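1. Need the 3D shape of this:
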Amino acid sequence: MSKIKIPWQDRPENNTDIMWRYEQNPVIGRYQIPSSNSIFNSAVVPFDNGFAGVFRCDNKAVQMNIFSGFSKDGIHWDIQHDPIQMQPGNTDMIESDYKYDPRVTFIEDRYWITWCNGYHGPTIGIGYTFDFKTFYQCENAFLPFNRNGVLFPEKINGKYAMLSRPSDNGHTPFGDIYISYSPDMKYWGAHRCVMKTAPFTESAWQCTKIGAGSVPFLTEEGWLMFYHGVINTCNGFRYSMGAALLDKNKPEKVLYRSKPYLLAPAAPYELTGDVPNVVFPCAALQDGEKVAVYYGAADTVVCMAFGYIKEIIGFIKNNTL
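-> Got it, this is the predicted structure:
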């Protein structure tokens, strides 16, 4: 099978960062569809001869919902103007007060979507599609309150696996990453703690809360996952991006975890927006050598950053907690 041609831009001259920003960020602006106030924290996957995605588009009433979109190159996107309308999947109950922060991955024969679903508070919604035109909603994975549900792209020891962050009903000032397993994508259990926040004195950028970011992908050394870490500063929460390497057969075991961040708010579009100081990864496209990470910036726009997989793994192994 030939490698996909992922979006890519070479490291700028004289840039020594492990990951670097796309020079034409943001790739998706806040007003890209007529109704939107902001478009951010969205997920993309290879599809057909290009790419498809599920996008968080908050409208001008600041109602949170998810929309589908398509792209030939992963950079220029045609996003549908109406939100996704779900049909019943493995349940008749598809009640939802809001939907936000989706992730998408292909498993076996379909594309699975997870998102933060409003059902008496935030929990993890699950759905699937075959064509990004018709979508089916399934049972919520967990009780409220929970966020950042991220599926692994294949079964592990015969079961589906999902990362999540148990939370509360507000702007959670805490949070660790857990993993749960399911035999059928309906009933979830065997909950295990994967990663906890770091001590302030050791890695302050991730001392308040952490959450799974992009769908992990398998490397020769284990599952590589990009995640967000948060510190509560005198100016409010500050979201940055790190990476962790998880054991291939037992992903609740963390092999390495970045002590320094890989990307933190620094560019104008990350520092200023509806929620300042946010870098929030939600998707990663990789070809075995390179990776392109999509991230929400300042809860306002979608941006990209690039890196070499071996360099990233080497960085977290040499700078691990």
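2. Please make it C-alpha for all contacts and neighbour counts, starting now.
-> Will do.
3. quick one, what contacts F174?
-> Going by C-alpha atoms under 8 Å, 6 or more residues apart in numbering, F174 touches 167, 208-210.
4. So which of the residues you listed are in strands?
-> If you go by DSSP state E, the contacts of F174 have 209-210 in strands.
5. Closest to K99 out of the contacts of F174?
-> Nearest to K99 among those, counting by C-alpha to C-alpha, is S167 at 16.2 Å.
6. That closest one: neighbouring residues, count only.
-> By the measure other C-alpha atoms under 10 Å, the count of residues near S167 is 20.
7. State the distance from it to F152.
-> For S167, the distance to F152 (C-alpha to C-alpha, to the nearest Å) stands at 21 Å.
8. Top of the contacts of F174 by number of neighbours, please.
-> Within the contacts of F174, I210 tops the neighbour count with 28 neighbours, counted by other C-alpha under 10 Å.
9. Now the spatially most central residue of the chain. Nearest residue, chain neighbours left out?
-> With distances taken as C-alpha atoms, centre = their mean, C282 lies nearest the centre of the chain, 2.1 Å away. In this structure, C282 finds its nearest non-sequential neighbour in S214, 4.4 Å apart by C-alpha to C-alpha, 6 or more residues apart in numbering.
10. who's in contact with that neighbour?
-> S214 sits next to 43, 103, 150, 225-227, 281-284, 293 when contact means C-alpha under 8 Å, 6+ apart.
11. try N157
-> Applying C-alpha under 8 Å, 6+ apart, we find N157 in contact with N249.
12. again with I66
-> 54-57, 83-84, 99-100, 102.
13. will you turn these into CSV that also has secondary structure, neighbour count and pLDDT?
-> Converted to CSV, the contacts of I66 look like this (DSSP: H, G, I helix; E, B strand; the rest coil; neighbours: other C-alpha atoms under 10 Å; pLDDT from 0 to 100):
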residue, secondary structure, neighbour count, pLDDT
V54, strand, 29, 98
F55, strand, 26, 98
R56, strand, 29, 98
C57, strand, 34, 98
P83, coil, 17, 98
I84, coil, 19, 98
K99, strand, 26, 98
Y100, strand, 28, 98
P102, strand, 31, 98
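14. Widest-spaced pair of those residues?
-> P83 and P102 (12.8 Å).
15. in the stretch 101-250 of the chain, which ranges drop under the pLDDT threshold?
-> Within the stretch 101-250 of the chain, no range satisfies pLDDT under 70.
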